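J.: any chance you can model this:
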Amino acid sequence: MSERIEDYALLSDLQTAALVGRSGSVDWLCFPRFDSSSCFSALLGGSEHGRWLIAPRDGGPATERRYRADTLILESDWETRGGRVRVTDFMPPRGNNPDIIRIVEGIEGTVTMRTELVIRLDYGSLVPWLRRVDARTLLALGGPDGLMLRTPIMLEPDDLLHAAEFPVREGERIPFVLTWYPSHDELPRPVDAEQALIDTETFWREWIGGCRYDGPYPDAVRNSLIVLKALTYRPTGGILASPTTSLPERVGGPRNWDYRYCWLRDATFSLYALLNAGFTAEARRWRDWLLRAVGGDPAKAQILYGIGGQRRVNEFELDWLPGYAGSLPVRVGNAAHEQFQLDVYGEVMDVLHQARVHGIAPDDHAWSFQRNLLDFLETAWDLPDDGIWEVRGPRRHFTHSKVLAWVAFDRAVQGVQRWGLPGPIERWRRIRQEIHDEVCREGFSVELNAFTQCYGTDDLDASTLLIPILGFLPPQDPRVVGTVEAIQRDLMQDGFVERYKTGDDNPVDGLAGREGAFIPCSFWLVDSLVMLGRMDEATELFERLLSIQNDVGLLSEEYDPRGGRLLGNFPQAFSHVGLVNSAYNLWHPQGPAYQRSRVAMYDD
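T.: So this is what the prediction gives:
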């Protein structure tokens with residue numbers, strides 16, 4: 001049985017990631033990339049689907065754990081009858097052969113430890129061929145994957161796992177190094193675990209040392225920036241949504257998705273979080289990844305892409321895995337890449353515009369690419385689409401989608417005005433105004449005094465909180481104020497914001513069951529309250545959101561207020577981006593919400 005989602009901590013080497021539970025078990029690890037098949041899949045099943053345990057023989061969760069300051073090095077401590085012991089877990093940022101390194105350290109007395117290594121390749125479906133190379137080296141091979149464990153502890157075969165029990169005395173340090181390599185290659189060279197620890201600590205501290213943020217909540221902001229960096233695929237600069245798949249939005253329900261991909265809807269928010277914190281190089285690489293990924297036929301732009309920019313991420317189910325706490329199905333791939341979503345075009349136009357505003361050197365071909373997008377959008381903006389939330393019901397005229405279409409033409413107009421870029425500005429202005437008029441007429445309910453999810457309905461949607469942030473209307477506009485108040489009244493679940501009302505009675509959704517409160521939307525409400533000048537409310541909500549971080553400062557996508565549990569894929573980049581941007585908005589009168597909203601020119 002897997003642990004609670006909040007009981008896990010993240011390790012990353014900027015190319016792949018692992019989740020380590022309070023029990024001392026690595027229950028999720030994909031080698032060699034974030035989107036590769038997993039060799040430890042107990043997160044979505046049981047120990048028989050692959051895991052790596054190192055903990056006191058008597059078991060139990062770690063008494064205390066933490067990340068070493070300003071790093072992604074996890075330290076887990078156990079107090080036992082025999083003494084105290086620490087396990088230090090980390091993944092060194094590296095080149096071709098990823099490692100996960102675990103160092104067992106005796107702190108006090110003598111503690112008997114147990115390790116169990118259960119390697120199951122291809123998402124838990126394949127038992128590899130294991131053989132011992134020498135007294136310190138154990139080798140596992142299966143298909144394209146080779147895994148090599150080096151440690152002075154002799155693990156012995158025990159049915160379909162390898163295990164050992166060993167004492168750890170005060171002052172002793174025992175390393176375990178698990179390395180992946182292509183099975184057709186020679187064995188990789190041994191890794192010095194202690195030197196790798198020094199190098200990993202140096203890497204993270206030097207990177208976060210470039211952070212310019214000096215406002216309140218510094219630990220939460222710096223930690224979230226480290227998470228954002230940890231979820232950036234180093235070779236390409238793509239930022240994935242999460243390192244996991246199929247963690248449920250409601251335990252036992254079917255809303256289980258693969259998030260090991262890059263979503264364009266996150267692009268501008270991520271850009272602001274990086275730029276305001278001083279990480280211009282990461283912002284530039286994210287911009288460049290986006291240009292490469294979306295390049296080509298504008299009609300075929302997708303809402304999500306693989307970390308390398310690949311388009312085909314076909315969705316299928318793994319029927320041999322029982323799912324996290326029985327939550328089925330377990331999915332790999334994401335069918336949302338086939339959906340038509342208008343907000344793609346607005347996000348791409350906005351992120352390229354913001355990059356110019358913030359002085360990121362423009363790509364020579366970016367503007368011609370943007371004009372191609374607009375040529376397509378001129379004939380497509382008035383079509384129904386699948387919406388920001390990738391619902392699996394019928395296409396509709398979603399209000400947020402139309403607002404993002406407006407954003408696309410607004411940023412194009414400003415490209416001409418601010419930088420003299422060539423383009424039919426009067427035609428773009430006319431289309432921009434046409435979209436604006438339609439949204440205010442069809443997407444606003446006089447009865448509710450709020451913008452709605454779709455044209456012709458009375459359903460609310462938290463995405464309309466972005467209307468003032470995107471600059472579509474000023475925050476003081478009565479329609480904006482009414483929308484914020486309606487969402488507070490009808491979409492708040494015990495102090496947190498739902499995306500929209502889910503359930504069998506919602507024909508828009510197309511899925512059965514409910515979901516938790518959506519953490520990024522709760523941060524959007526913080527930002528909206530800041531823009532309305534309601535600082536006390538904004539601060540209270542922000543601190544409520546900080547209180548649901550787990551013990552090492554991580555957030556998932558959703559939260560169950562009544563059960564007090566994190567839900568959905570974990571950790572979630574979008575939630576941590578929201579934390580960074582909301583902290584800036586609370587601290588600085590010209591934070592990201594102000595910066596982004598002021599881009600729009602209300603008097604045009």
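J.: need the contact partners of stretch 377-388.
T.: Residues outside stretch 377-388 that contact it (CB atoms under 8 Å, 6 or more residues apart in numbering) are 265, 298-299, 336, 339-343, 345, 394-398, 400-402, 405, 408-409, 427, 431, 435, 438, 463, 508. For glycine as for every other residue, the C-beta is placed from the backbone atoms N, C-alpha and C.
J.: just the buried subset of these, written out for ChimeraX, thanks.
T.: In ChimeraX syntax, the buried subset of those is picked out as below (16 or more other CB atoms under 10 Å):
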select :265,298,336,339,340,341,342,343,345,396,397,398,400,401,402,405,408,409,431,435,438,463,508
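J.: what's the following helix or strand after the lengthiest helix in the chain?
T.: Scanning the chain for the helix with the most residues, using DSSP state H, yields helix 399-419. Scanning forward in sequence from helix 399-419 by DSSP states H and E, the next helix or strand is helix 425-442.
J.: all strands of the stretch 451-600 of the chain, in order?
T.: 492-493, 496-497, 517-518, 558-560, 565-567 (DSSP state E, counting those that start in this stretch).
J.: mind putting those strands in a markdown table, mean pLDDT included?
T.: Below are the strands of the stretch 451-600 of the chain laid out as a markdown table (pLDDT from 0 to 100):
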| stretch | mean pLDDT |
| --- | --- |
| strand 492-493 | 92 |
| strand 496-497 | 97 |
| strand 517-518 | 96 |
| strand 558-560 | 97 |
| strand 565-567 | 97 |
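J.: ok, R534 - contacts?
T.: Residues in contact with R534 (CB under 8 Å, 6+ apart): none are found.
J.: against S528, how distant is it?
T.: For R534, the distance to S528 equals 9 Å [CB to CB, to the nearest Å].
J.: what's the answer for G333, then?
T.: For G333, the distance to S528 - CB to CB - is 34 Å.
J.: which of those two has more residues huddled nearby?
T.: Neighbour count, other CB atoms under 10 Å: between G333 and S528, S528 has more, with 28 against 19.
J.: residues in contact with the more buried one?
T.: Counted by CB under 8 Å, 6+ apart, S528 has contacts 465, 468-469, 475, 480, 484, 593.
J.: which helix or strand contains W28?
T.: Per DSSP H and E: strand 25-30 holds W28.
J.: packing partners of that strand?
T.: The helices and strands touching strand 25-30, judged by 3 or more CB pairs under 8 Å, 6 or more residues apart in numbering; DSSP states H and E, are strand 17-21, strand 38-40, strand 51-56.
J.: so for the shortest one, what gets flagged as buried?
T.: Put plainly, it is strand 38-40. For strand 38-40, by 16+ other CB under 10 Å, it's 38-40.
J.: low-scoring stretches of the stretch 301-450 of the chain, by residue?
T.: Judged by pLDDT under 70, the stretch 301-450 of the chain has no weakly predicted residues.
J.: ok, 90 please
T.: Residues of the stretch 301-450 of the chain meeting the criterion pLDDT under 90: 301, 336, 338, 357-366, 389-394.
J.: what's the neighbour count on the residue nearest to R33 when sequence neighbours are not counted?
T.: In this structure, R33 finds its nearest non-sequential neighbour in T16, 5.5 Å apart by CB to CB, 6 or more residues apart in numbering. Neighbourhood size, T16 [other CB under 10 Å]: 23.
J.: V357 now?
T.: 17.
J.: state the phi and psi torsions of it.
T.: The phi and psi torsions at V357 (degrees, to the nearest 10) take the values phi -60, psi -40.
J.: can you give me the distance of it to R131?
T.: 58 Å.
J.: also R411?
T.: 59 Å.
J.: could you list the low-confidence segments of the stretch 51-200 of the chain?
T.: Judged by pLDDT under 90, the stretches of the stretch 51-200 of the chain that qualify are 59, 94-96, 159-160.
J.: so where do the helices sit in it?
T.: Along the stretch 51-200 of the chain, counting by DSSP state H, counting those that start in this stretch, helices occupy 121-124, 193-208.
J.: format the ones you listed as CSV; extra columns: mean neighbour count.
T.: As requested, the helices of the stretch 51-200 of the chain are exported to CSV (neighbours: other CB atoms under 10 Å):
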stretch, mean neighbour count
helix 121-124, 23
helix 193-208, 16
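J.: and R411 and R131? Which one has more around it.
T.: Shown here are R411 and R131; by other CB under 10 Å, R411 has more neighbours (27 against 10).
J.: show me the contacts for the more buried one.
T.: Per CB under 8 Å, 6+ apart, neighbours of R411: 349-350, 352-353, 599.
J.: ok, these vs D551, which is closest?
T.: D350 (35.8 Å; CB to CB).
J.: what's the burial count for the closest one?
T.: The burial count for D350: 24, using other CB under 10 Å.
J.: repeat that for the one 3 residues further on.
T.: Neighbours of H353 under the rule other CB under 10 Å: 23.
J.: assumed it was part of a helix.
T.: Yes: under DSSP: H, G, I helix; E, B strand; the rest coil, H353 falls within a helix.
J.: ok, and for the longest strand along the chain, which residues are buried?
T.: Determined from DSSP state E, the single longest strand within the chain is strand 99-118. Residues 99-107, 111, 113-118 are the ones in strand 99-118 that count as buried (16+ other CB under 10 Å).
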